[in-house]
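K.L.:
Show me the folded form of this:
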Amino acid sequence: MKKYILLISSIISIWLTSYLSLLPLNGNSQADISNLYNTSITPAWFTFSIWSIIYLSWIILWFYLIYNKNEIKKKKIILLSAAQLTSMIWLFPWHYNMVGLSVIIMLWLLWILSLLVIKRNKNKVFQGISDFFFWWILVATIVNIHTFLIYVDIYIYPIILWVISLIIWWIINIIIIHKYKTIIPSIVFIWALFWIISKQADVSIISTSYIIWFIVLSIMLKNIFQNKKTPLL
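P.N.:
Numbers count the residues shown, from 1 in each chain. Coordinates of the predicted model:
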């Protein structure tokens, strides 16, 4: 039964997101709204191709569940399905330029996924897919908060806000890496930060980003090559 719950939520989320990309809701694409609010953390649009990997991971997980029925609790599957549907619901206020509501929904989505990250599943496949989803939504949440600050016209000292966001993001990343022995946070961090750097023009933003980028990359490589017992997921 639980594999069908995940299948239905995956199909609905992937189909609707794809449909709205081809036929923009309210005449706006996701990029159109994003371009209205150019923040110090807005990445290049190619960054969001990471969703194709997330969608593929959902499909892989569904096939995996067919052959591993009893390894993952139903409650975990329901939480992941709820997160998938919430990510789909976020599209509607975003396309209608209701940025405040978009942030609320994004925070709710982040909380749902945090339950899967904190209360970890012994199954590495499920946990790895959940972690990957969570870390990208953390990036999206930070971007949404910056967007909201512009939306309400209180985006003061963007460089300072960016540095604060970067440091908080980095600290959470390091804590999770050492606590749960996973490199997934680093993979998402490095991917997102690289394309944020490529989008920005401010020297201060670029320089601080590069410093943190290389620190995280070094830590990730250390976990891979110096500690063979550290699982990749």
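
K.L.:
Where does residue 109 fall, secondary structure wise?
P.N.:
Per DSSP states H and E, residue 109 falls inside helix 99-118.

K.L.:
Beyond that helix, next helix or strand please.
P.N.:
Downstream of helix 99-118, the first helix or strand assigned by DSSP H and E is helix 124-151.

K.L.:
any idea how far that next one is from the chain center?
P.N.:
A distance of 3 Å separates the centroid of the chain from that of helix 124-151, by C-alpha atoms, centre = their mean, to the nearest Å.

K.L.:
quick check: angle from that helix to helix 99-118?
P.N.:
Interaxial angle, helix 124-151 versus helix 99-118 (axes from the mean of the first three to the mean of the last three C-alpha atoms, to 10 degrees): 150 degrees.

K.L.:
name the helices or strands packed onto helix 124-151?
P.N.:
helix 50-67, helix 74-89, helix 99-118, helix 158-180, helix 184-199 (3 or more C-beta pairs under 8 Å, 6 or more residues apart in numbering; DSSP states H and E). (Each C-beta comes from the backbone N, C-alpha and C, glycine too.)

K.L.:
Let's see that with 6 Å instead.
P.N.:
helix 50-67, helix 99-118, helix 184-199 (3 or more C-beta pairs under 6 Å, 6 or more residues apart in numbering; DSSP states H and E).

K.L.:
May I see those organised as a markdown table, with distance to residue 160 and mean neighbour count added?
P.N.:
Shown next, in a markdown table, are the helices and strands packed on helix 124-151 (distance: least, C-beta to C-beta, whole Å; neighbours: other C-beta atoms under 10 Å):
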| stretch | distance to residue 160 | mean neighbour count |
| --- | --- | --- |
| helix 50-67 | 27 | 15 |
| helix 99-118 | 20 | 18 |
| helix 184-199 | 16 | 20 |
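
K.L.:
Make JSON lines from these and add mean pLDDT and distance to residue 35 to it.
P.N.:
Shown next, in JSON lines, are the helices and strands packed on helix 124-151 (pLDDT from 0 to 100; distance: least, C-beta to C-beta, whole Å):
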{"stretch": "helix 50-67", "mean pLDDT": "89", "distance to residue 35": "18"}
{"stretch": "helix 99-118", "mean pLDDT": "95", "distance to residue 35": "13"}
{"stretch": "helix 184-199", "mean pLDDT": "81", "distance to residue 35": "11"}
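
K.L.:
Take those helices and lay them out in CSV including distance to residue 213.
P.N.:
Shown next, in CSV, are those (distance: least, C-beta to C-beta, whole Å):
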stretch, distance to residue 213
helix 50-67, 16
helix 99-118, 22
helix 184-199, 5
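
K.L.:
Go ahead and flag the most central residue of this protein.
P.N.:
Closest residue to the average C-alpha location of the chain: residue 136 at 1.3 Å, with C-alpha atoms, centre = their mean.

K.L.:
residues in contact with that residue?
P.N.:
Residue 136 is in contact with 50, 188, counting by C-beta atoms under 6 Å, 6 or more residues apart in numbering.

K.L.:
at 8 Å instead, please
P.N.:
Residues near residue 136 by C-beta atoms under 8 Å, 6 or more residues apart in numbering: 50, 51, 54, 188, 192.

K.L.:
Low-confidence ranges, the chain, go.
P.N.:
Along the chain, the parts satisfying pLDDT under 70 run over 1-3, 69-71, 200-205, 219-233.

K.L.:
Which neighbouring elements make contact with the helix holding residue 109?
P.N.:
helix 74-89, helix 91-95, helix 124-151.
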